[in-house]
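Peer 1: need a structure here:
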Amino acid sequence: MSKEFAIYADESDRRGPLFSNFFGGILVVSTDLAEVVAMLQEAKNRENLFGEIKWTKVTENYLEKYKNVISVFFDLVRQKKVRVRIMFTDNRHVPFGLTKDQSENEYFMLYYQFIKHAFGLRYANKNDKPIRCRLLLDELPDTEEKAETFKAYLSNLSLNKNFRGKIFIDHQQIAQVRSHDHVIMQCLDIILGAMAFRLNKRHLHKPEGQRIRGKKDTSKGNAVQAYFRAYPYHIPEF
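Peer 2: Down below sits the predicted model:
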């Protein structure tokens, strides 16, 4: 049986004050998928988090609960059960000379490059059997027509000279999903939101008319800093 990857992807903060166009993805080998989902769901249940968890719901009262769930996620990263990648743009680098089409389709073009390059798929296949990829994308914020065109571009990666015979992406296996139904997507939302929050220095934000930072933002910022120190970034092999 050929190997299969499940890739969950989402985006956040398309226009931040310092960094923009945050795209995130989680790759799980299909043989590990049931175990990963079960462990994350069990972690949520232990904390009585039975609804959808997401970055915007992180409050001081729920902070420890979320940290406990994300600890399980990072343990899975260390065990190489999941691979997470984040891409973003630096606002100091302003693109120029773009065509009208490129400007209008910036979102989809960046998303395409993220899927194509973020996980190093062109280097993942070490034998002669093509690896199948299932892409689960959070609901796309555009027309159905543009979404279908985007899916066609993604499936055509299978024809790319660096992918042909190594990676196969079936158009029918590219789906828009609701994060509410996928615990892996929920963890991705938290990681992606945390990165965008910290890099855009929102933990230093002061509510209008206030002299000190908001308690919620300060707690979030401290939690993000502590976790990324505890779990330094590394690149696991496939």
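Peer 1: What ranges in this structure fall below the confidence cut-off?
Peer 2: Along the chain, the parts satisfying pLDDT under 70 run over 1, 205-238.
Peer 1: got the residue ranges for the helices in the chain?
Peer 2: Assigned by DSSP state H, the helices in the chain fall at 30-46, 63-78, 100-104, 106-117, 144-155, 183-199, 215-230.
Peer 1: Of all those, which one is nearest residue 85?
Peer 2: Proximity to residue 85 (Cβ to Cβ) singles out helix 106-117 among the helices of the chain, at 7.8 Å. Every C-beta, even on glycine, is put in place using the N, C-alpha and C of the backbone.
Peer 1: Mind listing what's buried along that closest one?
Peer 2: Neighbour-count burial for helix 106-117, counted by 16 or more other Cβ atoms under 10 Å, picks out 106-112, 114-116.
Peer 1: quick one on the thing from earlier: burial-wise, tell me which of the helices of the chain comes out on top.
Peer 2: Most buried of the helices of the chain by mean neighbour count (mean count of other Cβ atoms under 10 Å) is helix 183-199; its value is a mean of 23.
Peer 1: Give the other helices and strands that it contacts.
Peer 2: strand 4-12, strand 19-29, helix 30-46, helix 63-78, strand 83-90, strand 131-138, helix 215-230 (3 or more Cβ pairs under 8 Å, 6 or more residues apart in numbering; DSSP states H and E).
Peer 1: The fourth one vs strand 83-90, what angle?
Peer 2: Right, the one you point to is helix 63-78. Interaxial angle of helix 63-78 relative to strand 83-90 (axes from the mean of the first three to the mean of the last three Cα atoms, to 10 degrees): 110 degrees.
Peer 1: Please shift the residue numbers so they start at 53 in all later answers.
Peer 2: Let's use 53 as the start, then, which means that last one is helix 115-130.
Peer 1: Using CSV, write out every CA atom in helix 115-130.
Peer 2: Provided in CSV are the C-alpha atoms of helix 115-130 (Å, rounded to 0.1, in the frame of the first residue of the first chain):
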residue,chain,number,x,y,z
LEU,A,115,-5.5,29.7,29.5
GLU,A,116,-4.3,26.7,31.5
LYS,A,117,-6.8,24.4,29.8
TYR,A,118,-5.5,25.5,26.3
LYS,A,119,-1.9,25.1,27.4
ASN,A,120,-2.5,21.5,28.5
VAL,A,121,-4.1,20.6,25.2
ILE,A,122,-1.3,22.3,23.2
SER,A,123,1.3,20.5,25.3
VAL,A,124,-0.1,17.2,23.9
PHE,A,125,0.2,18.7,20.4
PHE,A,126,3.8,19.7,20.9
ASP,A,127,4.6,16.2,22.3
LEU,A,128,3.2,14.8,19.0
VAL,A,129,5.5,17.1,17.1
ARG,A,130,8.5,15.9,19.1
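Peer 1: Now distance to residue 107 too, for the helices and strands packed on helix 235-251, in CSV please.
Peer 2: Below are the helices and strands packed on helix 235-251 laid out as CSV (distance: least, Cβ to Cβ, whole Å):
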stretch, distance to residue 107
strand 56-64, 8
strand 71-81, 11
helix 82-98, 15
helix 115-130, 9
strand 135-142, 13
strand 183-190, 13
helix 267-282, 8
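Peer 1: These: which one's closest to residue 204?
Peer 2: Across these, residue 204 has its closest neighbour in strand 183-190 (12.4 Å, Cβ to Cβ).
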